[in-house]
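mind folding the following:
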Amino acid sequence: MTINSRANTSAPSQQRTVLRRADGSSIRVLVVDDESTLTDLLSMALHYEDWEVRTAATGQQALTIAREFRPDVVVLDIMLPDIDGLQVLSRMRADGTEAPVLFLTAKDSLDDRIAGLTAGGDDYVTKPFSLEELVARLRGLLRRSRSAVADTNDPVLVVGDLVLDEDSYEVHRDGSPISLTATEFELLRFLMRNPRRVLSKTQILDRVWSYDFGGSSSVVELYISYLRKKIDSGRTPMIHTVRGAGYMVKAAT
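Numbers count the residues shown, from 1 in each chain. Reported below is the predicted structural model:
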């Protein structure tokens, strides 16, 4: 098995930000891998994001589907039974497919990573990987490519006595204003959009800083400490550490 069994495949809650195409239709994802068990699990996870998914087991099949399906993002295994993923990407680009591509690879050498990115890929994950991490990276790619918009109506997020206004960039707890830097605000917004959900450092890095930031998990720990000093100091804590898993925000009890 090439997927970490800790992956979360439960349906997204109403508070979670749903990404859609600009016209309101579902994001289209093409998953290319010759392991049927892997593509089945990936499809299930991506369907829970409310995305439309097509799969291909060979490079030639992927090219045919891409021309008709016009995906918004592609998950592409490098090792395929006919032509490798690098050639598939080259031909997709020649066909006019500009969708961001996330490579899957069983190889962990720097040369393989550089080859994939140099060929026009946008990101990669090394097998074995968790579904959570892969979905987080795809969401990051879609946001950065501006091919998706967040399906949200109310700009005000409320968790217990903590209130965040996405339009005015104001934050209050128990009626008292809290001043945050831009990065602190983005981190708190991500936590509040996923209340009572444990978010890994990898997910937070992708959403708040993006993977091209090149930072490490220590920056997440640092900014969590900043938020705690402003949000929780002198109050019942709302920001919690789940050892070995990540962080979550929940209403104080």
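
when you work out contacts or count neighbours from here on, use the C-alpha atoms and nothing else.
Fine.

so what's the residue count around residue 244?
8 (other Cα atoms under 10 Å).

do residue 23 as well
By other Cα under 10 Å, 8 other residues sit near residue 23.

again with the one 5 residues further on
A total of 21 residues lie near residue 28 under the criterion other Cα under 10 Å.

what's across from it in the sheet?
Note on residue 28: beta-bridge partners residue 52, judged by DSSP bridges.

tell me if I'm right that it and residue 68 touch.
No: with contact defined as Cα atoms under 8 Å, residue 28 does not count as touching residue 68 (11.6 Å).

the helices in the chain, which residues?
Applying DSSP state H to the chain gives helices spanning 36-47, 59-69, 85-94, 110-118, 131-145, 182-192, 201-204, 217-231.

which of those sits most buried?
helix 201-204 (a mean of 21; mean count of other Cα atoms under 10 Å).

which strands and helices sit next to that helix?
Applying 3 or more Cα pairs under 8 Å, 6 or more residues apart in numbering; DSSP states H and E, one finds that helix 201-204 makes contact with helix 131-145, helix 217-231.

7 Å instead?
helix 131-145 (3 or more Cα pairs under 7 Å, 6 or more residues apart in numbering; DSSP states H and E).

could you pull up the mean pLDDT of the helix it packs on?
Averaged across helix 131-145, pLDDT comes to 82.

now swap in stretch 20-40 and tell me
On average, the pLDDT along stretch 20-40 is 89.

any idea how far that stretch is from the middle of the chain?
Relative to the chain's own centre, stretch 20-40 is displaced by 14 Å; criterion: Cα atoms, centre = their mean, to the nearest Å.

again, but for stretch 37-44
If you compare the mean C-alpha spot of stretch 37-44 with that of the full chain, they lie 17 Å apart, counting by Cα atoms, centre = their mean.

how about stretch 46-57?
Computed by Cα atoms, centre = their mean, the separation of stretch 46-57 from the middle of its chain amounts to 14 Å.

before we move on, what about stretch 139-147?
The answer for stretch 139-147 is 9 Å, by Cα atoms, centre = their mean.
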